[in-house]
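> this one's structure only:
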């Protein structure tokens, strides 16, 4: 009998969980859709590269949407069972709230395991892979965007003109560059030959000029300076060519646990960088643990006779999630400024929600209403 009840409750949670997970993930993906469409339409990127980019983005979205989907699914499931008086019948038949929690605990443990795998392994790899893919796209776009006898202004502060580009596109001839990155001293660079040189390690692309000169005129046209060179490198700002390119090869969110710990041990790091790395180390475990905390909290919050089960489940879920992430963002901000230690700043939201979940679950188990507790407290 208990196995049937457990399977029944588990199915009540599983179906809305999958639907909500899909909807939330799709909504987050829609935020990136305009950038992705720009890559396809304006940058000429092929469909396969776009599909790869979407796949690389999914793990970071799932790390955020899985705990939320679980919370709302449990609220809806428990609310429906309560509204149809099924929980009342089960408890009258001798099934305790703790026994009803078994399938919910199983669901929370499964999502916890899945989320910790995503956060521990997939997110760092996919973040860096998406960055490398964007770099490859930007590098390709830089080569494609520069056409012969056309002024190219895709790069911030520069206009590039090439008189001739061979069919293979390996180099350019008769290059003229207007460099206005320094507003006080704009440069005009003339070179006989130029080629693109990329560095996949640092995710940078340079325009290497050969046999040319730099012409500089000061503000007010008072001074003129000419510098001849055999080779001269210019760093191209790819962030304007493709949104999402960053300077550093790997940030803290792109690192695995071993990489984070090894970098923290390196000498010469400032305290701000150490705190940033420590936050990521603790988040590897604190974020997945929210699945268990949300499940514990959702059971007493979901048991209600309210008729609008789905709308109430969504509303309560959004409020709980908002409070949790406000506390988490605030704690991380205090850690980054050095006002709290990483342990306290990252784990305090989990501790608060754990205490709140245990307290509400105990009241629901004893069938004591929260309003009664508040009245008794005020009365004393």
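Right, received. Where do you want to start? Given the structure is predicted, the values throughout are model-derived calculations rather than measurements. Numbers count the residues shown, from 1 in each chain.
> from here on, contacts and neighbour counts on C-alpha atoms
OK.
> am I right that residue 156 is in a helix?
No - assessed with DSSP: H, G, I helix; E, B strand; the rest coil, residue 156 is coil; it does not lie in a helix.
> distance-wise, check the spatially closest residue to residue 195 that is not a sequence neighbour relative to residue 194.
Of all residues beyond its chain neighbours, the one nearest residue 195 is residue 171 (4.5 Å), with distances taken as C-alpha to C-alpha, 6 or more residues apart in numbering. Distance of residue 171 to residue 194, computed by C-alpha to C-alpha, to the nearest Å: 6 Å.
> residue 194 falls within a strand, correct?
Yes - assigned with three-state DSSP, residue 194 falls within a strand.
> so who does it touch?
171, 172, 173, 175, 207, 208, 209, 210 (C-alpha atoms under 8 Å, 6 or more residues apart in numbering).
> can you redo the residues you listed as a markdown table with neighbour count?
As requested, those are exported to a markdown table (neighbours: other C-alpha atoms under 10 Å):
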| residue | neighbour count |
| --- | --- |
| 171 | 18 |
| 172 | 22 |
| 173 | 19 |
| 175 | 22 |
| 207 | 17 |
| 208 | 17 |
| 209 | 25 |
| 210 | 19 |
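> among those residues, which ones are in helices?
Among the contacts of residue 194, no residue falls in helices (DSSP state H).
> wait, which of those is closest to residue 264?
residue 207 (34.5 Å; C-alpha to C-alpha).
> got a list of what that closest one touches?
Counted by C-alpha under 8 Å, 6+ apart, residue 207 has contacts 194, 195, 196, 197, 233, 234, 235, 236.
> local confidence estimate at residue 138?
Residue 138 is assigned 62 on the pLDDT scale.
> correction: the previous question concerned residue 144.
pLDDT at residue 144 comes out at 53.
> quick one: the helices in the chain?
2-41, 47-83, 86-92, 97-117, 123-145, 257-264, 271-302, 309-336, 342-365, 370-379.
> redo these as JSON lines? Include mean neighbour count.
Shown next, in JSON lines, are these (neighbours: other C-alpha under 10 Å):
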{"stretch": "helix 2-41", "mean neighbour count": "15"}
{"stretch": "helix 47-83", "mean neighbour count": "22"}
{"stretch": "helix 86-92", "mean neighbour count": "14"}
{"stretch": "helix 97-117", "mean neighbour count": "18"}
{"stretch": "helix 123-145", "mean neighbour count": "20"}
{"stretch": "helix 257-264", "mean neighbour count": "15"}
{"stretch": "helix 271-302", "mean neighbour count": "22"}
{"stretch": "helix 309-336", "mean neighbour count": "18"}
{"stretch": "helix 342-365", "mean neighbour count": "18"}
{"stretch": "helix 370-379", "mean neighbour count": "10"}
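> wait, the residue nearest to residue 195 sits on residue 193?
Yes - assessed by C-alpha atoms under 8 Å, residue 171 is found in contact with residue 193 at 6.9 Å.
> got any residues that touch both of the two?
The contact lists of residue 171 and residue 193 share no entry, where a contact means C-alpha under 8 Å, 6+ apart.
> wait, what's in contact with residue 77?
Residue 77 neighbours (C-alpha under 8 Å, 6+ apart): 9, 12, 13, 302.
> now with 7 Å, please.
Contacts were defined as C-alpha atoms under 7 Å, 6 or more residues apart in numbering; by that measure residue 77 touches 12, 13.
> setting aside sequence neighbours, what's the nearest residue to residue 224?
residue 217 (4.6 Å).
> surely the one you found is in contact with residue 227?
No - between residue 217 and residue 227 there is no contact, the gap being 11.8 Å when judged by C-alpha atoms under 7 Å.
> which one's more surrounded, those two?
residue 217 (16 against 10; other C-alpha atoms under 10 Å).
> how far away is the more buried one from residue 47?
Residue 217 is 46 Å from residue 47, where distance means C-alpha to C-alpha.
> residue 66 versus residue 76, what's the distance?
On the measure of C-alpha to C-alpha, residue 76 and residue 66 end up 15 Å apart.
> that should have said residue 229, apologies.
For residue 229, the distance to residue 66 - C-alpha to C-alpha - is 57 Å.
> list the contacts of stretch 359-372.
97, 300.
> on that earlier part again, what about the residue nearest to residue 224, distance to residue 192?
If you go by C-alpha to C-alpha, the gap between residue 217 and residue 192 works out to 21 Å.
> residue 330 now?
Residue 330 is 55 Å from residue 192, by C-alpha to C-alpha.
> same deal with residue 320?
63 Å.
> same question for residue 103.
Counting by C-alpha to C-alpha - residue 103 and residue 192 are separated by 72 Å.
> and if you look at residue 230?
10 Å.
> cool, residue 325 as well?
56 Å.
> likewise for residue 293?
Counting by C-alpha to C-alpha, the gap from residue 293 to residue 192 is 65 Å.
> what do you get for residue 125?
Residue 125 is 42 Å from residue 192, by C-alpha to C-alpha.
> nearest residue to the middle of this protein?
residue 60 (4.8 Å; C-alpha atoms, centre = their mean).
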